[in-house]
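A.B. asks: give me a model of this one.
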Amino acid sequence: MKNCIRYFLILLPFLANAQGNLKASLDKAKNYVKEVKLDKSTVSQQLSYDNAAPYNLKLAITTTDAKGKSTEETYEFNLALISDIKRSTSSKEMKVELSTQKNLKVIRYTKGGEMQNYANELELLSENIDDSRELEKHLKDAMAAAKPAWEASIKLPKDDLLALQNYFEQNIKEVSFDKTSAKQNFKKSTTYKDRATLVVQENDGKKTTDLQSDFSWGDFNENGAELKISGKEVSVIVKAKNDYIKTQQGNTVKGYDDEIKILTATPNEGAILLMAIQKIIPLAKKELQARVPKVSTKDEAFKVLKNRLKDFKVNESAYTQQIDPFCLTTYRLKSEVKGKTIEETFAFNFGDLTDYKIAVSKEIVRISAKVVDNKKYIQYTKDGLLQNYENSLDFLVADIEDARYLLEALSVLSNTCKGNISVGDFNWLVNTLKVVENPKQTLTLQEGDKCKWKLSNSLAESKKTVELVSEWNLYDIDPKKIEVDVSGKTVSITGYTLNKEKFIKQTKDTKPGFANEINLMVNTIAEAQKGVATFKSLVEACKK
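C.D. replies: Reported below is the predicted structural model:
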């Protein structure tokens, strides 16, 4: 309380001095705002200001033509929002013109007692060059004093996130323009200091629409707020970098947007609101960065997955999901959309995933991920049926906040799960090939020599069975050319000979031949990755 009193004791003399300079200049300018006779009309002009807020001016103009018909116009504006004052002369008129900052239409214009669209310029007529020069000079002096006087009168909270959130709750309110009224209700989040909800109920005389926007101030661009005046509507538009603003009407989620619009009653209120928004955005960004936990271990990451990857409903759709807390994992997703149920499973190794991004599609928030080098290492099953292998997948999340926290955890899992592939032995490889149903595979040693292998392969096709026998020396295989090969729904370990020479003897349905590659079929990517590591190890152990 003492600090507040001290602040106002310091502020009051400055404010009084600024307003005193402003009033003195305006009083001088008023002496040169008077009636001017033109060729076919008489223009009566009167300039006045609000004594408590002298930067707020009013120019009243009455134009009377030769027949005695009069037109009344008024211009009301904040001199602090005027950016240019200059003289201009034509063959019939001598004027002092005022124009607004950035050509914003912040001048309230009334004609014949009825408000018109906001304007961005106005003009005062002078009788002669001397009056015009004096009027220009004193208005420029007043303009220079208006901005500090106005800014000194603005009582915005200091750089404090909670205080600014409270300020918005108190100052974002109902607004009317034309035949439209808009009730606005702003509420800060009780969970996250940087989040808030804005509900706007708008009635145009024929129908009422309502829109709720849920957002974090930290998602907005620091230079993304602007005052916008269209016709008689005054608003502040705040833009975000991404579509992270959840919008809904009633209980129906409409989707995600990248901006909010806050209506204000006057340009002055809009300009002040803009200042407050420009103060809160950087504070909210710091809060947002601080509150999202820094995950560093695998256990911490799996804990986040358990808490944040959960079942949820959006409108008429429901999503049930589960993921095993292991590097080599299975993600199960059940979607009930428009009365249709789809069950999907994705089997993969976290160490193979990269490039996590938050993506928004209609009313659903996702975290997309890709396999390193776009390899198709994700086994995908839909309604119990194996599909082609995939090189990407999406994790569905309930909202943006869950997505933020998951993004941190998933990246850690990808890093900590890399290089966890074990190496088997020859017997492991034999047994792994044996369990594949089609083709039937039998891997043996030639004459008991660990460096000479023989693969018998029996592939059942639609009309016949193809028999293939391959015989080769391990030292003829290039260990750098052993890799996982995925084609459609099948996975194999493919090895190539040195310089891809045809060193492998093959007999296909009793017909002899030679080849430069060998394919060992397996059931899963995990088996293929371990198989590659095993095959390489055994090849490297054999020297010619």
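
A.B. asks: need phi/psi at residue 192.
C.D. replies: When read as degrees, to the nearest 10, the backbone of residue 192 gives phi -120, psi 130.

A.B. asks: so what's the residue nearest to residue 525 when sequence neighbours are not counted up against?
C.D. replies: Distance criterion CB to CB, 6 or more residues apart in numbering; nearest residue to residue 525, sequence neighbours excluded, is residue 377 at 4.7 Å. Backbone N, C-alpha and C define where each C-beta goes, glycine included. Remark: with contacts taken as CB atoms under 8 Å, 6 or more residues apart in numbering, residue 377 is in contact with 348, 349, 352, 371, 389, 391, 484, 486, 525.

A.B. asks: spell out the residue ranges of the helices in the protein.
C.D. replies: 2-30, 129-153, 161-171, 267-291, 298-308, 400-416, 426-434, 525-540 (DSSP state H).

A.B. asks: turn the ones you listed into JSON lines, including distance to residue 208.
C.D. replies: Below are the helices of the chain laid out as JSON lines (distance: least, CB to CB, whole Å):
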{"stretch": "helix 2-30", "distance to residue 208": "41"}
{"stretch": "helix 129-153", "distance to residue 208": "36"}
{"stretch": "helix 161-171", "distance to residue 208": "23"}
{"stretch": "helix 267-291", "distance to residue 208": "24"}
{"stretch": "helix 298-308", "distance to residue 208": "36"}
{"stretch": "helix 400-416", "distance to residue 208": "28"}
{"stretch": "helix 426-434", "distance to residue 208": "66"}
{"stretch": "helix 525-540", "distance to residue 208": "55"}
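
A.B. asks: what would the ones you listed look like in a markdown table with mean neighbour count?
C.D. replies: As requested, the helices of the chain are arranged in a markdown table below (neighbours: other CB atoms under 10 Å):
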| stretch | mean neighbour count |
| --- | --- |
| helix 2-30 | 14 |
| helix 129-153 | 19 |
| helix 161-171 | 16 |
| helix 267-291 | 19 |
| helix 298-308 | 17 |
| helix 400-416 | 20 |
| helix 426-434 | 16 |
| helix 525-540 | 21 |
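
A.B. asks: do you know which of the ones you listed lies nearest residue 258?
C.D. replies: Between residue 258 and those, the shortest gap by CB to CB is with helix 400-416, which sits at 12.2 Å.

A.B. asks: packing partners for the closest one?
C.D. replies: Contact partners of helix 400-416 among helices and strands, from 3 or more CB pairs under 8 Å, 6 or more residues apart in numbering; DSSP states H and E: helix 298-308, strand 353-361, strand 364-371, strand 392-397.

A.B. asks: can we see that at 10 Å?
C.D. replies: Judged by 3 or more CB pairs under 10 Å, 6 or more residues apart in numbering; DSSP states H and E, helix 400-416 is in contact with strand 208-216, helix 267-291, helix 298-308, strand 353-361, strand 364-371, strand 392-397.

A.B. asks: among these, which comes closest to residue 92?
C.D. replies: Comparison of the helices and strands packed on helix 400-416 against residue 92 by CB to CB identifies helix 267-291 as nearest, at 31.7 Å.

A.B. asks: angle of that closest one against strand 208-216?
C.D. replies: Between the axes of helix 267-291 and strand 208-216, defined by axes from the mean of the first three to the mean of the last three CA atoms, to 10 degrees, the angle is 40 degrees.

A.B. asks: quick one, helix 267-291 and helix 400-416 angle?
C.D. replies: Following the same axes, to 10 degrees, one obtains 30 degrees for the angle between helix 267-291 and helix 400-416.

A.B. asks: all further residue positions should be reported with the first residue as 336.
C.D. replies: Sure thing, new numbering starts at 336, so read that last one as helix 602-626.

A.B. asks: what's the mean pLDDT across helix 602-626?
C.D. replies: Averaged over helix 602-626, pLDDT sits at 96.

A.B. asks: kindly report the same for stretch 726-738.
C.D. replies: Rounded mean pLDDT across stretch 726-738 is 96.

A.B. asks: please save the CA atoms from it in PDB.
C.D. replies: Provided in PDB are the C-alpha atoms of stretch 726-738 (Å, rounded to 0.1, in the frame of the first residue of the first chain):
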ATOM      1  CA  ASN A 726       6.900 -44.500 -41.600                       C
ATOM      2  CA  SER A 727       4.900 -42.100 -39.400                       C
ATOM      3  CA  LEU A 728       2.200 -42.100 -36.800                       C
ATOM      4  CA  ASP A 729       0.100 -39.700 -34.700                       C
ATOM      5  CA  PHE A 730      -0.600 -39.700 -31.000                       C
ATOM      6  CA  LEU A 731      -4.000 -38.300 -30.200                       C
ATOM      7  CA  VAL A 732      -4.300 -36.000 -27.200                       C
ATOM      8  CA  ALA A 733      -7.100 -34.400 -25.300                       C
ATOM      9  CA  ASP A 734      -5.900 -30.800 -25.500                       C
ATOM     10  CA  ILE A 735      -2.900 -28.500 -26.300                       C
ATOM     11  CA  GLU A 736      -1.600 -28.700 -22.700                       C
ATOM     12  CA  ASP A 737      -1.400 -32.500 -22.800                       C
ATOM     13  CA  ALA A 738       0.400 -32.200 -26.100                       C
END
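
A.B. asks: before we move on, back to that, of the helices of the chain, which is nearest residue 568?
C.D. replies: Comparison of those against residue 568 by CB to CB identifies helix 602-626 as nearest, at 10.2 Å.

A.B. asks: the strands in the stretch 736-879 of the chain, which residues?
C.D. replies: Taking DSSP state E, counting those that start in this stretch as the test, the strands found in the stretch 736-879 of the chain are 775-781, 784-795, 800-808, 812-822, 825-832, 839-843, 846-850, 852-857.
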